[in-house]
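Enquirer: what's the 3D shape of this:
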Amino acid sequence: MKKSKCLLISAILGTLYLVYVISYFINGVASTSGSDQIGAGIATALVAPHMFLLALAVLFNWIGWAARVRWAALTGGILYCVSGLLFLLYVVFEIPSIILSFVGFAKMKKAKTKVQEVVSQE
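Expert: Sure thing, here's the model as predicted:
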């Protein structure tokens with residue numbers, strides 16, 4: 001059984017977005033001083049659940065692709081959705097990963113049923 005290209009693309013896009021979000025907010029805190037730093041810290045704290053769930057989604061997405069396990073691909077797609085709901089301003093960047101995760105999950109199901117059909121015919 002081949003590895004899912006959709007899951008791979010989703011994992012790469014999710015990883016790139018995760019690196020962007022983390023570097024953006026870390027640099028925002030590090031490049032300010034005084035009261036601006038407090039505001040940047042509060043903003044980072046508000047976005048932290050989004051970043052945490054995004055990191056989990058990326059992790060499960062990579063696991064689903066590497067190990068070819070359906071449950072990890074589905075978990076990654078769901079976590080992308082929840083992460084997007086927590087920070088609606090940036091959900092646009094997650095939509096491709098969400099779609100590709102669920103498409104990859106669905107294609108894994110089809111591939112598995114074809115294998116089961118071949119085995120049952122023998």
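Enquirer: can you point me to the longest helix in this protein?
Expert: The single longest helix within the chain, with elements called by DSSP state H, is helix 35-67.
Enquirer: Okay, buried residues for it please.
Expert: 40, 44, 47, 50-51, 53-65 (16 or more other CB atoms under 10 Å). Yep, even glycine has a C-beta here, placed from its N, CA and C like the rest.
Enquirer: After it, heading C-terminal, what element do we hit next?
Expert: helix 70-86 (DSSP states H and E).
Enquirer: Export that next one to PDB, keeping only CA atoms.
Expert: Taking Å, rounded to 0.1, in the frame of the first residue of the first chain, the C-alpha atoms of helix 70-86 are listed here in PDB:
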ATOM      1  CA  ARG A  70      -6.200   5.900   9.500                       C
ATOM      2  CA  TRP A  71      -6.900   6.900  13.100                       C
ATOM      3  CA  ALA A  72      -3.900   9.300  13.100                       C
ATOM      4  CA  ALA A  73      -4.900  10.900   9.900                       C
ATOM      5  CA  LEU A  74      -8.500  11.400  11.200                       C
ATOM      6  CA  THR A  75      -7.200  12.700  14.500                       C
ATOM      7  CA  GLY A  76      -4.900  15.200  12.700                       C
ATOM      8  CA  GLY A  77      -7.800  16.500  10.600                       C
ATOM      9  CA  ILE A  78     -10.000  16.900  13.600                       C
ATOM     10  CA  LEU A  79      -7.300  18.700  15.600                       C
ATOM     11  CA  TYR A  80      -6.700  21.100  12.600                       C
ATOM     12  CA  CYS A  81     -10.400  21.900  12.800                       C
ATOM     13  CA  VAL A  82     -10.400  22.500  16.500                       C
ATOM     14  CA  SER A  83      -7.300  24.600  16.200                       C
ATOM     15  CA  GLY A  84      -8.900  26.700  13.500                       C
ATOM     16  CA  LEU A  85     -11.900  27.300  15.700                       C
ATOM     17  CA  LEU A  86      -9.800  28.500  18.500                       C
END
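Enquirer: Look up how far residue 62 lies from the residue nearest to residue 63 when sequence neighbours are not counted.
Expert: In space, and not counting its chain neighbours, residue 63 is closest to residue 72: 4.2 Å by CB to CB, 6 or more residues apart in numbering. Distance of residue 72 to residue 62, given as CB to CB, to the nearest Å: 8 Å.
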